[in-house]
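>>> For reference, the sequence and a predicted model appear below.
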Amino acid sequence: MEHDHGHRSKPRVFSLSKFDDWRVRMYAHLSAIQDEMWDVIIDGPITVMMVNANAAAQGADPEQLIPKPKEQLTTEERTQANLDNVARDILYKSLDESLFPRVRKCTTAWDIWNTLMEIGEGDEQEKENKLTMAMKRFGDFKMTPNETISQMEIRFTKLLGEISDLGKEPTIKEINLKILRGLPKS
């Protein structure tokens, strides 16, 4: 297991205009540091548990597992229990001064991530508006003057990714028709 968190690359700065790319890159960044890092983002901090040796003396329906005291944690367990702190640090460092105050009081990486998702994705009305705008651009898509086919393909692929990130998947037929209609007439 990798324990040297000091030699990781700096995460990308959170950007609303490139939110979907930031989200994918942050997932890759956190997962590359340690597999369980993403679990902390999705499920919350890891609590190392131990068998409750006093369960029998505690009467009816005692907890069978209890959090292991910090002083009894092994080095590996301490690393695992510290993943939330590492993830919070990485997420904080990806924010500029205007966004940090919005997550400053979040107590876990899970809280920070969810807050950033709300900021980046917006509410349901904002998501619907973004999808409507993206679908309009899809409907109007065509090759621009002086644009190469490669440049058009890059622009089209980015638009498809944006539409997909908003929860819609154009059919292969729609995509093929759009590409054919988007090319200049010979």
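Here it is on my side, so go on.
>>> Would you state the helices of this structure in chain order?
Listed in chain order, the helices of the chain (DSSP state H) span 19-33, 35-43, 75-81, 83-93, 100-103, 109-121, 124-140, 149-165, 172-182.
>>> Buried residues of the shortest one, list them for me.
With burial defined by 16 or more other Cβ atoms under 10 Å, the residues of helix 100-103 counted as buried are Val103. Yep, even glycine has a C-beta here, placed from its N, CA and C like the rest.
>>> And for stretch 90-107?
By neighbour count with 16+ other Cβ under 10 Å, stretch 90-107 contains the buried residues 90-92, 94-95, 99, 103, 106.
>>> which one of those residues sits closest to Ser150?
Nearest to Ser150 among the buried residues of stretch 90-107: Ser94, at 31.2 Å, using Cβ to Cβ.
>>> Turn the helices of the chain into a markdown table, columns for distance to Met50.
Compiled in a markdown table, those are given as follows (distance: least, Cβ to Cβ, whole Å):
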| stretch | distance to Met50 |
| --- | --- |
| helix 19-33 | 26 |
| helix 35-43 | 18 |
| helix 75-81 | 10 |
| helix 83-93 | 18 |
| helix 100-103 | 32 |
| helix 109-121 | 23 |
| helix 124-140 | 43 |
| helix 149-165 | 42 |
| helix 172-182 | 53 |
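>>> Columns mean pLDDT and distance to Leu65 on top of these, output as TSV?
Putting those into TSV (pLDDT from 0 to 100; distance: least, Cβ to Cβ, whole Å) gives the following:
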stretch	mean pLDDT	distance to Leu65
helix 19-33	89	27
helix 35-43	93	16
helix 75-81	94	14
helix 83-93	95	19
helix 100-103	93	31
helix 109-121	92	21
helix 124-140	83	39
helix 149-165	86	39
helix 172-182	70	50
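>>> Now Met130. Nearest residue, chain neighbours left out?
Residue 130: Lys, not Met. Ranked by Cβ to Cβ, 6 or more residues apart in numbering and with sequence neighbours excluded, the top spatial neighbour of Lys130 is Leu166, at 5.7 Å.
>>> Surely the one you found is in contact with Met133?
No: with the criterion set as Cβ atoms under 8 Å, Leu166 and Met133 do not qualify as a contacting pair; they are 9.5 Å apart.
>>> quick one, domains of this protein?
13-121, 124-182 (automatic domain parsing).
>>> okay, these, which one's buried deepest?
Mean neighbour count, computed with mean count of other Cβ atoms under 10 Å, is highest for domain 13-121 among the domains of the chain, reaching a mean of 15.
>>> Not counting its neighbours along the chain, what's nearest the residue nearest the centre of the chain?
If you average the C-alpha coordinates of the chain and look for the closest C-alpha using Cα atoms, centre = their mean, you land on Arg23, 3.9 Å from that point. The spatially closest residue to Arg23, leaving aside those adjacent along the chain, is Gly120, at 6.9 Å (Cβ to Cβ, 6+ apart).
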